[in-house]
Structures are given as structure tokens and as C-alpha cells.
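# Next comes the sequence, and after it the predicted model I'd like to discuss.
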Amino acid sequence: MTNRKIRMGMIGGSYDAFIGEVHRKAARLDGRIDIVAGVFSSNPEKSKKTGELLYLDSKRIYTNFEEMAEKESKLPENQRIDFVSIVTPNNMHFAPAKLFLEHGFHVVCEKPLAYNLEQGLELQKIVKKTKKVFALTHNYTGYPMVKQARHIIRNNELGKVLKLIVEYPQGWLIRTIEKDGHKQALWRTDPKQSGISCCIGDIGTHCENLASYITGLELESICADLTIYMPGRKLDDDGNVLLRYKEGVKGILQASQISFGEENGLNIRIYCEKGRLFWKQEIPFYLYVQKEGTPLMIYSTGSNYLCDAAKRATRLPAGHPEAFIEAFANIYTNAVDTMIAVNEGRTPTDLEKDFPTVEDGVKGLAFVKAVVENGFNDNVKWTKIADIFKSLKNIATDKHI
């Protein structure tokens, strides 16, 4: 597997989809992955056209994921795909992920992990049983400066974390554009496709995951206030959440899709006993850090003083910006390196394993469930994350590697 390109299949991501092409560009960025098969739409003609635009063999452009899993698993080992990338709406994550894992393939999947927590827990069990690599594309963890922030916090350079503020303001759903047929808005605001949440499920989970990735803190309980601002909408389009972590840290999480004029303003501020740091997704190549007794410092991508994980995630010299697609590419790179290690029977390194997993996905789904159950209640109360699991059976908690 190390002396050839890795063969990738794709589910979803037709020629007119936004995120599918982002995944394809990211996967191919470093020249290590070839896309060789796929079912790109529930519409067979769109799937066929997308495959043709990608110059795929017509025999490997499939009409549904069941056919793809069955036929790919029967191909000779030197021809079949090594892994599948799932880039469909939320309600179509579980079934193909389950099927391909059970057919012996590694999986890369868009977030959230599944349509609901029950499905997420089932996937966790399957990953554990099959021992296959499962990568979840919480892409913001792929940015070099996020990895540097993680290194600084995890190595106690600023002392104990006291408080964090993480937010993701957007403004694109300030109008009910789903009524006009806007493709991205249509499925995100539809409970049948999106699940129990729009805003928190779509971007609030990025906030929760980013805070968890950088700090390593374990979320204990939340108190939320959700709103549906746009008339006729069935799911939240704005949310404010108070966070309490087991380590005694407090936090504030704000996610909004009706914040007029905002684009993709994900940012995080972490305040510690001996310093602070700040990172903003819209200027991702800078990390602002201030330590006790020093002026505000600016870390930048491509610099020699960065940690190994940040250097590994960087392709260009300092001063040449790297951003969104490169962050996705970093998840693909680490996931593929881990697949290679697993297939060769060796233990992947910590740098190779640096990508979101099925466990991160389960945490995200539990967070969304807790916020939705808490957030539409006019009586102020706290919900413990552990209580979200109590009514569910067969909880799996072991790591997949």
C-alpha cells in the first residue's frame, strides 16, 4: 500500500454540490489519493455525469451505495477502493458508513457522525468490531495554527485553563432562502435530512469540537437557549450555550446563522492562569498568544518555531496563506497514513492519528441532543452530558485503534 496511490471511492458530492468538490480537491492535493469509484447522487443520471466529469471507468460509477459496496468488495485487492468518503446530508451517513465498514473498507465521513446519537453509538461499536479507520471531517482541526494552539495549551505553556469563549456567527440564513429552493438551505433546515438541529448541529458542533480538540477538556453539562427566528422554520437558526467542564473550566458557546453580514466567523479565545490565546478561522494563518509579562505575540504558519503537528500540516513557506482546502487535506493525509499503518500491522504515530474519530462524532451528537433538549425550555436549567446517555443502551467507549 505504501508504493502506490491510495484508491478512494465517494458517496455523494455530485457536480453541483459544494462540499463534495472540496473533499475531492483536498484528497488529491498531495498527489497520494486517486478517486476511482463512486455513487455521487441518488439521481442515477447526475451520478453518471459526475463520474464522467471525473473521468472514471463507467463500470465504477454506481447507482447506489449498496451496489458499490458489494461490487467493490468483490474486485481484486489491487483494484478495489481502499476507503470511501461519505459527503451526503446527515440522514445518509449511517447506512453507507455501516455497510462499507462491514465490507472491510476504511471510512472518511462528513460531520455530524450520523442522523442521531443512537446511530452514532451503533457506528462506534462497528468501528471497534471491524478495527477499521474512521475519520470524521471536522476540518477546522486541520489548520496548522489550531494545532499550535493545542500544543501550547496541552503543554501547559499558559498554565491552567480558566475560561473559554468559542463562537461561529453566520448570516446566510437571515432570510428563508430554503423556500426559494436554495440547495444548501433546503436540507439543513429539513428535520428529515438534518436531524434535530440546524444551527447547533451544523456549526455549533464545530465550536464544541474545536474547544475539545485544543484543550482536551471533557464537557460535563450545558445550559442552552435556542431560537427559531425565521417564520415557518422547524429547526433552530441561533443558539447560545453555557458550558461547564469536568476540570472546573467554564465556557460560552455562541452559534448563529442569522447574524446579519457575518460569513464564517468561527473563532476561539482561551484564558488561562498565565496567559491567553486567540484564533480566528477567517484569518487562519495567525495565532495570537500573550504570556504573563510579555506583549501580544503573533504565531504564523510556515515558521520554524512551530510544533511538529503544525509543521506537518503546512506545505508552504511563511507568508504564503494556506486555508480551508488544505485543512481538509490534512485530515485526509493523517487518516490515510493511519490506514497504511493499520494495513501494515504497525501502530500509527501520534502525528498520524491526529484527526477526528468516531468518538469525537459521538461526543458531538451527545452535545447536540443535550442542547436541543435543554435549549427550548423557558425554565433555566443545566443538563449533564452523562444523563443524555442514560436512556440509551449498548454504549461503546473504546478507541478504534
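Structure's in. What do you need? Numbering: from 1, shown residues only.
# tell me the helices in the stretch 301-401 of the chain, going along the chain?
Ranges of helices within the stretch 301-401 of the chain are 308-312, 324-344, 358-375, 385-390, based on DSSP state H, counting those that start in this stretch.
# mind putting those in a markdown table, mean pLDDT and mean neighbour count included?
All C-beta atoms are positioned from the backbone trio N, CA, C, and that covers glycine. Formatted as a markdown table, these follow (pLDDT from 0 to 100; neighbours: other C-beta atoms under 10 Å):
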| stretch | mean pLDDT | mean neighbour count |
| --- | --- | --- |
| helix 308-312 | 98 | 18 |
| helix 324-344 | 97 | 22 |
| helix 358-375 | 98 | 24 |
| helix 385-390 | 93 | 15 |
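# how about those helices, which one is nearest residue 264?
helix 324-344 (8.8 Å; C-beta to C-beta).
# Report the backbone C-alpha coordinates of the closest one in CSV.
Only the C-alpha atoms of helix 324-344 are listed here, as CSV (Å, rounded to 0.1, in the frame of the first residue of the first chain):
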residue,chain,number,x,y,z
PHE,A,324,-9.8,25.7,4.0
ILE,A,325,-9.0,23.1,1.5
GLU,A,326,-5.6,22.5,3.0
ALA,A,327,-7.2,21.9,6.4
PHE,A,328,-9.4,19.2,4.8
ALA,A,329,-6.3,17.8,3.1
ASN,A,330,-4.5,17.5,6.5
ILE,A,331,-7.3,15.2,7.8
TYR,A,332,-7.1,13.1,4.7
THR,A,333,-3.3,12.9,4.9
ASN,A,334,-3.3,11.7,8.6
ALA,A,335,-6.2,9.4,8.0
VAL,A,336,-4.5,7.7,5.0
ASP,A,337,-1.2,7.4,6.9
THR,A,338,-3.1,5.7,9.7
MET,A,339,-4.9,3.4,7.2
ILE,A,340,-1.5,2.4,5.8
ALA,A,341,-0.1,1.7,9.3
VAL,A,342,-3.1,-0.4,10.2
ASN,A,343,-3.0,-2.4,7.0
GLU,A,344,0.8,-3.0,7.6
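# Determine the set of other helices and strands touching that helix.
strand 6-11, helix 18-28, strand 83-86, strand 106-109, strand 134-136 (3 or more C-beta pairs under 8 Å, 6 or more residues apart in numbering; DSSP states H and E).
# In a markdown table, list the ones you listed along with distance to residue 128.
A markdown table is the format used below for these (distance: least, C-beta to C-beta, whole Å):
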| stretch | distance to residue 128 |
| --- | --- |
| strand 6-11 | 22 |
| helix 18-28 | 25 |
| strand 83-86 | 18 |
| strand 106-109 | 13 |
| strand 134-136 | 10 |
